[in-house]
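J.: make a model of this:
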Amino acid sequence: MPPSRSPRPFTAIAVVTAVLLATTGCGLFQDTSAQDTATAFLAAWSAGDDRGAAALTDDAESAGELLGATREELAPEKVVATLGQVRTAADVASASIDVTWHLGPERTWRYLTEMELRPAPDTEQGWQVHWAPTVVHPELAAGQQLALRTVTPSPAPVVGRDGAPLLSATTVVAVLLDRLAAGDLPAVTGALAQALSPFDAQITQASIAEGAARTPDGRAYTVAVLRETDYASVKDAIHHLPGVRFTTSERLLAPDADFGRQVLTGVRAEVAAQLEGVPGWSILVVDGSGSTVRTLVEQEPRSGTTVTIGMDRSIQAAAEDAVEPVAQQAMLVAVSASTGELLAVAQNPAADASGPLALTGRYPPGSTFKVVTAAAAMTEDDVTIGTPLPCPPATVIGGREVPNAGGFGLGTVPLRTAFARSCNTTFAQLAVDLEPGALPATALRFGIGADYAIPGITTITGAVPTATEQVLRAENGFGQGEVLASPFGVALAAATVARGAPVVPQLIRDRPTEVRVPAPAPDAAVLEQLRPMMRAVVTEGTASALAGLGEVYGKTGTAEFTNDGSAHGWFMGYRGDVAFAVLVVDGASSAPAVGVAERFLGAFG
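T.: Residues are numbered from 1 along each chain as shown. This next block holds a predicted model:
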């Protein structure tokens, strides 16, 4: 048996070999000291500590300037710089770097670069990053830096159900004031107010001065944003003013400033991301003058997509023209009976000043509510369109006198006639004869009391409380008492009669309405009797002014809201697929509302 061999010579050779490889720097092993410096540099850079990173280089001033300028220009959400392999050769080390810039949604830029490390002159300091612009990016040279450029696509339009644009990209001019450059500030603010107040009454000399005073030094206060055509009309008056400058951009605007204001503002906010698309962006190498040397990465902009809503431009225009001449607050809501699409929401300036009253205002609906009372009586008490009922000039219920408007009386007449002529006395008694819960339950079948979450707008239909007292039930029966409804809710009631089923309102296509409190289906046989009654209102009753405007169905309403007899005026009805409600606040009678309906129906076929 041969003698065993000792392993010692091999062990010694392995140790010597390892020492030689480490000291000769052949690149098979990492240099721990250089790696520590590289790791510290990248950690500081990633953390946003550009000065700390620069301090680890052999040219802290130049490194700090470029690192800081790059971060300021690219404005990243974060930078992630990770260390790859570190190799050494004699007194030089090189490190691979993987850099990822997170520049915002859908903007990520990743690339590889390298940096060189050298021993510091003072050997106690270890290694330093040998500074060069290529540390930031491999294609960056001295005197150059990175620049981010964005390209914003024109926003997509919002169109109506007929494809007509309701919101479209429109050139606007921003009027900006730098108070520090204005010189005689009172003179400049006075001239601006005189020129711009016709476009917005809230623009005054005081408001401009206050806004400019609140704006930090070096920044300009936005006095107004004008359509290009409006700017052109005042350019000569303001363009020469010291400290005033102008910028041009695009905004999604309606055909005119007031068109569809109570709906389109909410629609624009709801679908902004879909309309705006995704801006394009690119990273450039630029020289000291800002001129492009080369493009490093580029992403083309992606246009937004068109949004369709149920509004009909011609019907909206007709509604706005119809309410415009009214001195009091006036509003009109129109709904497609077949689809529930919100065709029009119009308010005159007096109403606009108080917000979206047509959608959320709550008012006593007056005799328009007799549609509900009649339906409840037909359902609960077997009353029919031809049932003879008393219509005295006045009646007393529970000690409360209920008169007809103007004190008229008809004697005993069919329900159809009492409805067409709007007999309060008849409907007060019908309501008294009902169970306390009958009116609230029937109102809900017509959409009053239902609740909907419609993307883009807030709506209220109304409320009908249960009335156990006879007097309150009588008052509720002709739309006074504690019954409240919005024009939106009354329009849904008209649409329900026209369609023969509950109508779920819709505004933005592909963004369905959430039904929170549904409206149960009304009795079809009841609706068959209601329709000729509503037609009689127009052919022989209180809305005869509309008789020549086609096959119009409707109901007028006068709703007192103070003890001195002040009253709102209403009209609800439909023609074809267009169901609508009109309210004139403090209109004294239904006549102004019928006048609005007449102008509205006369403006479209």
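J.: need the pLDDT of the closest residue to residue 479 other than its chain neighbours.
T.: Once flanking residues are discounted, residue 479 sits nearest to residue 369: 3.3 Å by C-beta to C-beta, 6 or more residues apart in numbering. To be clear about C-beta, it is placed using only N, CA and C from the backbone, and glycine gets the same treatment. Per-residue pLDDT puts residue 369 at 98.
J.: dump stretch 130-143 to PDB, keeping only the CA atoms.
T.: Written as PDB, here are the backbone C-alpha positions of stretch 130-143 (Å, rounded to 0.1, in the frame of the first residue of the first chain):
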ATOM      1  CA  HIS A 130     -14.100  59.600 -11.000                       C
ATOM      2  CA  TRP A 131     -16.600  62.100 -12.100                       C
ATOM      3  CA  ALA A 132     -17.800  62.300 -15.700                       C
ATOM      4  CA  PRO A 133     -21.200  63.200 -17.200                       C
ATOM      5  CA  THR A 134     -21.400  59.600 -18.400                       C
ATOM      6  CA  VAL A 135     -22.100  58.500 -14.900                       C
ATOM      7  CA  VAL A 136     -25.600  60.100 -15.300                       C
ATOM      8  CA  HIS A 137     -26.000  58.700 -18.900                       C
ATOM      9  CA  PRO A 138     -23.500  57.100 -21.200                       C
ATOM     10  CA  GLU A 139     -24.300  59.500 -24.100                       C
ATOM     11  CA  LEU A 140     -23.900  62.700 -22.000                       C
ATOM     12  CA  ALA A 141     -20.800  64.800 -22.700                       C
ATOM     13  CA  ALA A 142     -19.300  67.800 -21.000                       C
ATOM     14  CA  GLY A 143     -21.400  71.000 -21.300                       C
END
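J.: which outside residues touch stretch 140-154?
T.: Contacts to stretch 140-154, defined as C-beta atoms under 8 Å, 6 or more residues apart in numbering, come from residues 66, 69-70, 73-75, 103, 133-134, 136-137, 169, 250, 276-288, 290, 292-293, 296, 300-304.
J.: and the buried ones among those residues, selectable in ChimeraX?
T.: To isolate the buried members of the contacts of stretch 140-154 in ChimeraX, using 16 or more other C-beta atoms under 10 Å:
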select :66,70,74,103,133,136,137,169,276,277,278,279,281,282,283,284,285,286,293,296,304
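J.: in strands, which of the contacts of stretch 140-154 fall?
T.: 169, 250, 280-286, 292-293, 296 (DSSP state E).
J.: what about the residue nearest to residue 479, distance to residue 392?
T.: 20 Å (C-beta to C-beta, to the nearest Å).
J.: higher neighbour count, those two?
T.: residue 369 (33 against 17; other C-beta atoms under 10 Å).
J.: what's near enough to touch that one?
T.: 443, 476-479, 483, 485, 557.
J.: how about residue 526?
T.: Residues in contact with residue 526 (C-beta under 8 Å, 6+ apart) are 375, 378-379.
J.: which of those residues sits closest to residue 156?
T.: In terms of C-beta to C-beta, no member of the contacts of residue 526 lies closer to residue 156 than residue 375, at 44.0 Å.
J.: name the helix or strand for the closest one, please.
T.: Element membership for residue 375, per DSSP states H and E: helix 370-381.
J.: so what touches the helix or strand just after that helix?
T.: Sequence-wise, the next helix or strand downstream of helix 370-381 (DSSP H and E) is strand 388-391. Contact with strand 388-391 is made by 383, 404, 409-415, 417-418, 421, 423, 425-426, 429-430, as judged by C-beta under 8 Å, 6+ apart.
J.: again, only using 10 Å
T.: Under the contact criterion C-beta atoms under 10 Å, 6 or more residues apart in numbering, strand 388-391 has outside partners 377, 383, 404, 408-419, 421-427, 429-430.
J.: verify the stated contact: residue 61 with residue 67.
T.: No. Between residue 61 and residue 67 there is no contact under C-beta atoms under 10 Å: 11.1 Å.
J.: of those two, who's got more company?
T.: residue 67 (24 against 10).
J.: burial count for the closest residue to that one other than its chain neighbours?
T.: Sequence neighbours aside, residue 50 is the residue nearest to residue 67 in space, at 4.0 Å (criterion: C-beta to C-beta, 6+ apart). Residues within reach of residue 50, counting by other C-beta under 10 Å, total 21.
J.: check contacts around residue 50.
T.: Neighbour list for residue 50: 44, 63-72, 79 [criterion: C-beta under 10 Å, 6+ apart].
J.: in stretch 444-453, what's buried?
T.: 444-450, 452.
J.: so in that sheet, which strands flank the strand or helix carrying residue 88, and in what orientation?
T.: If you go by DSSP H and E, residue 88 is part of strand 78-89. Here strand 78-89 has these sheet partners by DSSP bridges: strand 92-102 (antiparallel).
J.: so the nearest residue to residue 63 once chain neighbours are set aside versus residue 40, what's the distance?
T.: Among residues not flanking residue 63 along the chain, residue 54 sits closest, at 3.8 Å (C-beta to C-beta, 6+ apart). Separation of residue 54 from residue 40 (C-beta to C-beta): 12 Å.
J.: more crowded one of those two?
T.: Neighbour comparison, residue 54 and residue 40: the larger count goes to residue 54, with 23 against 16 (by other C-beta under 10 Å).
J.: thought the more buried one was touching residue 69?
T.: No. Counting by C-beta under 10 Å, residue 69 is not a contact partner of residue 54; they are 11.8 Å apart.
J.: let me see the contact set for residue 274.
T.: Residue 274 makes contacts with 155-156, 158, 304-307, 508, 510-511, as judged by C-beta under 10 Å, 6+ apart.
J.: returning to that earlier point: give me phi/psi at the residue nearest to residue 63?
T.: With angles defined as degrees, to the nearest 10, residue 54 sits at phi -60, psi -30.
J.: hang on, the earlier thing: rebuild the contacts of residue 526 as JSON lines, extending it with neighbour count and pLDDT.
T.: JSON lines is the format used below for the contacts of residue 526 (neighbours: other C-beta atoms under 10 Å; pLDDT from 0 to 100):
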{"residue": "375", "neighbour count": "26", "pLDDT": "98"}
{"residue": "378", "neighbour count": "22", "pLDDT": "97"}
{"residue": "379", "neighbour count": "18", "pLDDT": "95"}
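J.: centroid residue for the protein?
T.: Nearest to the mean C-alpha position of the chain, by C-alpha atoms, centre = their mean, lies residue 269 at 1.9 Å.
J.: thinking again about what came up before, identify the contacts common to residue 61 and residue 67.
T.: Residues touching both residue 61 and residue 67 (C-beta under 10 Å, 6+ apart) are 54, 131.
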